[in-house]
Structure formats: structure tokens, C-alpha cells
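**Q** what would the 3D arrangement of this be:
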Amino acid sequence: MTTDGDRAVIRAGRLIDGTGGEPRTDVAVVLDGAKVGRIEPWREELRRGATVHDFGVETVLPGLVDAHCHLSLLGAGLSYEEEEGASNEFMAVAAVHNAQVMLRSGVTTLRDNGARHGIMFAVREAMNRGLLVGPRMLIAGRPVTPTGGHFHWCGGAADGEEEIRRQVRRLVAEGADHIKIMASGGGTAGTNPGLPSYAVSELRSAVDAAHYYGRLTTAHCRATRAIANAVEAGLDCIEHAEFNEPADLIQHVAERPAYRPRWDDDVAKRLADSPLFASLTLPGSGYVAYSDLAAEREREGRLSPEKQAALDRGQATVEARADSVRRFLELGMLPKLVVSSDAGPFDIEFGKLYQGLEIAVMGGMSPMQALQACTRVAAEACGVLDRVGTLEPGKEADILVVEANPLEDVRNLRDVVAVFKAGQRVVG
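**A** Just a heads-up that it's a prediction; the model follows:
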């Protein structure tokens, strides 16, 4: 226990603790070293013998949990094939930079869902040894994928049940916190987001091997059949949760799309009735261009016909993603819906998790529910709710302070005042 001589207190003008309870005003979060000791009404007497971080007019909430990102990629509009050309050394430096961007945005825990070779294991080791400051990292390492599958260039290709089990064992031995498996195609050239990558039995072999070693699993699912397979195989979580089907089995015909979206009520209900979490990467590729065009139209009053057409396409995409949230809510999936960023691929930027919350609110989540989707619910999906995700006595003192109330506008998460990780003020 700390003594009065080294006691630290955070005064909160408004406290959102992440549990879903009503916000409290003018309270004190008394730290016990790296953990939350107690939360009580603010009293001036608490200043005696303590270091006080006074945020009497700001909002204090749990550090954010981003359940899906790729720190070793740039988020700068590059294709996977362009990213692949970088050296491992460059990717490691990029990961260090991106981790710090995430921390400055209030993300104190993240799940890295795939990187080449052992890059992210090395970055995590450097952070754990105190060589750099960043969020606590849950690392998948190389995603398990079939030969030529999505992210195959990371080095995690495995075909058939025995190879998949061997790959899982190798990842666990190297220090993987969880296992990421590519259950469908994705943005990697030559793969189809409308088609599954693995059979149910293959997915189940990954689940069985991971669970044997106490690791959770999550699956990249952009195809409807991949979602159905993941549910049947007993995965713990799926990423993206997109309902795509193949538009043409000839994948390399440029003038015809290889896949098309079509919501499937039956598969969606099977997902909702299962224990799986769904990590919704809502902004996705193209959101940056959409938001830039929207800002330009607001600033200039009008756009060229070409830009207006691009904005209309972006608006349709955003509305479709919001509609998927609405459908999931109607199925009762709220307690298992996670909002994550997928930062790194294409133009998906780091440190802007609030963009996903904007779309979640458009889809019918309340701001409180959206906040929980990237704090308490995200921590539960990642298997770390016993440590982070809410501000409660005994949990890690991972804390975000913002200027204004995010319950009035989730975009207020942009205005970061301070960030604490394990009781230490690391930003602001």
C-alpha cells in the first residue's frame, strides 16, 4: 500500500468509469501505485501529502482499448504489396512510432492483429524493458493464413489441420498473446473477401490448439461463409464481421468486382446467438478521403462534380457500415460489439479510434455504449477485463483525460489533456 508521502490523486470534474453507470462529478481517483486504490468524492483534505493531478473541469475515463490494429504498417494509403517492400527494420521503427501515436490519443491497451515474422514480439520486448513508452500490447505475431492467403507475406502460411496446429504452437512458443487466423480473403492481391479461406475443421484445429495453451482466438471475417464457419468452429471473436459473397469466381477480371455485400439474416442470427465477440472496424479504408471531402464541402460550400460523386460514394459506404451496427443492435449483440480501428492498412490512420465511435453512434449506439465498446467490452473481448477497461479499485490505473464530455459528442475524445498508464502520467 502507498503511504501519504507517495500518494497520487487524480481529481476529476467528471468521471466516466466505463462500467455503464452514470457519470460522477467532482470525484477523486486515489491511486495505489500502478492501480486504482479507491474512488470517492473530492475533498480538499486529499491534497495533504499527495501529488494531485487536478482535472476539476475535465472528463476522466478509462484508457481506450483498440482491439484491432497493425502497428508495423503506415496507414498512409499504401497497398499491402507496397507495404511488403519495406524491411523488417523499417517496420519495427514504424511500429514504435505508431505505438506512441496511439498512446497520445488515449489508447492504453491495443491488440496487434498481424505483422511480419517476429517484428512485434521485438517491439513489445523493447517496451517491456523500458526502452520505449507505449500502450500495453497484446500481440498475435504472424496471422495464420493459407498459402497465398491474406497477409501471407507475414510468414504465417499453414495448410491443413496439422500445419495449422504446428503454426499455433510455434506462435505460442514465441510469445503470442492470442491467435489471429484469416478465415476469408482480404485486401491482399489474389484473395477474395467474398470467399472463406479455411474449412470449419481447419478453423477448429486452430481453436483447439490455441485454447490448449490458454490463448484466445480471433478471425478475419469479411465473407458471410467465413462468419458461419467461425461460429461453427467456436472462435472467440471475429474481426470486421462483413457479409460479402463472391460476385464472380474468376477473381482477376478487372472490370467485374470479385465480391459484393449482401446481409444474411440467418448467419447474422447465428453469430448473435453465439458467444463470439464481433470487433467492428467501422471507418475502414476510404474514410479519410470521405471526411476530407466532407470538410472541403463545408468549407467551400460546393465541390466539383467529380469530388461530389466521390463524396456520395463515401457517404453511402459510411451509411452502410452504420446500418450494419443497427442490424446487430436489433439482434441483441450490444454486449458483444467491439469498436476497433484496424489502423495501419491502406489509409486507416492511427490514433483516431473516435471515427469508429462516430459511425457506431450513427448506427444507433448511445455515446455511453460506444465508449464501452472501446473500453469495457473491448477489454473483455481481449481477455484483459480483469486488469483494464474500467476504472475500479484494484485495476490498472490506465486513464484518459479529455477536455469536454464525450457523452455529448464522441468526437470530444480528440481533445486529449493527459494519459496515465499504470498510474504514471505519460502524456500531457
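
**Q** so who does residue 39 touch?
**A** 15, 17, 24, 27, 28, 29, 30, 391, 392, 393 (CB atoms under 8 Å, 6 or more residues apart in numbering). Just so you know, the C-beta spots here come from the backbone N, C-alpha and C atoms, and that holds for glycine as well.

**Q** wasn't it part of a strand?
**A** Yes - assigned with DSSP: H, G, I helix; E, B strand; the rest coil, residue 39 falls within a strand.

**Q** quick one: it from residue 405, how far?
**A** For residue 39, the distance to residue 405 equals 18 Å [CB to CB, to the nearest Å].

**Q** same check on residue 80?
**A** 39 Å.

**Q** so those two - more neighbours on which side?
**A** residue 80 (19 against 16; other CB atoms under 10 Å).

**Q** thought that one was touching residue 190?
**A** No - counting by CB atoms under 8 Å, residue 80 stays clear of residue 190, with 10.5 Å between them.

**Q** what stretches of the chain score poorly on pLDDT?
**A** 1-5, 248-257 (pLDDT under 70).

**Q** and the helices in it, which stretches?
**A** 80-84, 88-104, 119-128, 160-174, 200-212, 224-233, 265-273, 287-300, 305-330, 354-362, 367-373, 376-381 (DSSP state H).

**Q** can you pull the contacts of residue 405?
**A** 14, 23, 59, 412.

**Q** cutoff 7 Å now
**A** Residue 405 makes contact with 14, 59, 412, according to CB atoms under 7 Å, 6 or more residues apart in numbering.

**Q** backbone dihedrals for it, please?
**A** phi -80, psi 110 (degrees, to the nearest 10).

**Q** show me what contacts residue 240?
**A** When contacts are counted by CB under 7 Å, 6+ apart, residue 240 touches 220, 221, 222, 281.

**Q** an error on my part: the question was meant for residue 112.
**A** Residues counted as contacts of residue 112 (CB under 7 Å, 6+ apart) are 69, 70, 71, 120, 137, 139, 140.

**Q** same check on residue 332?
**A** Counting by CB under 7 Å, 6+ apart, residue 332 has contacts residue 272.

**Q** and it, how far from residue 322?
**A** As judged by CB to CB, residue 332 and residue 322 stand 18 Å apart.

**Q** one more: residue 143?
**A** Note on residue 143: its distance to residue 322, by CB to CB, is 28 Å.

**Q** so between those two, which is more surrounded?
**A** Higher neighbour count among residue 143 and residue 322: residue 143, with 28 against 19, using other CB under 10 Å.

**Q** find the residue closest to the more buried one in space, skipping its chain neighbours.
**A** If the residues on either side of it in the chain are set aside, residue 143 comes closest to residue 114, at 4.0 Å by CB to CB, 6 or more residues apart in numbering.

**Q** do the same with residue 10
**A** residue 29 is the one closest to residue 10 (CB to CB, 6+ apart), at 4.3 Å.

**Q** was I right to think that neighbour contacts residue 36?
**A** Yes - A contact is recorded between residue 29 and residue 36 when judged using CB atoms under 7 Å, the distance being 6.1 Å.

**Q** what do these two both touch?
**A** Contacts common to residue 29 and residue 36, judged by CB under 7 Å, 6+ apart, are residue 391.

**Q** in stretch 185-203, what counts as buried?
**A** Buried residues in stretch 185-203, counted by 16 or more other CB atoms under 10 Å: 185-186, 188, 191-198, 200, 202-203.

**Q** paired strands for the longest strand seen in the chain, with orientation please.
**A** With secondary structure taken from DSSP state E, the chain has its longest strand at strand 50-62. Strand 50-62 pairs in its sheet with strand 7-15 (parallel), strand 399-402 (antiparallel), by DSSP bridges.
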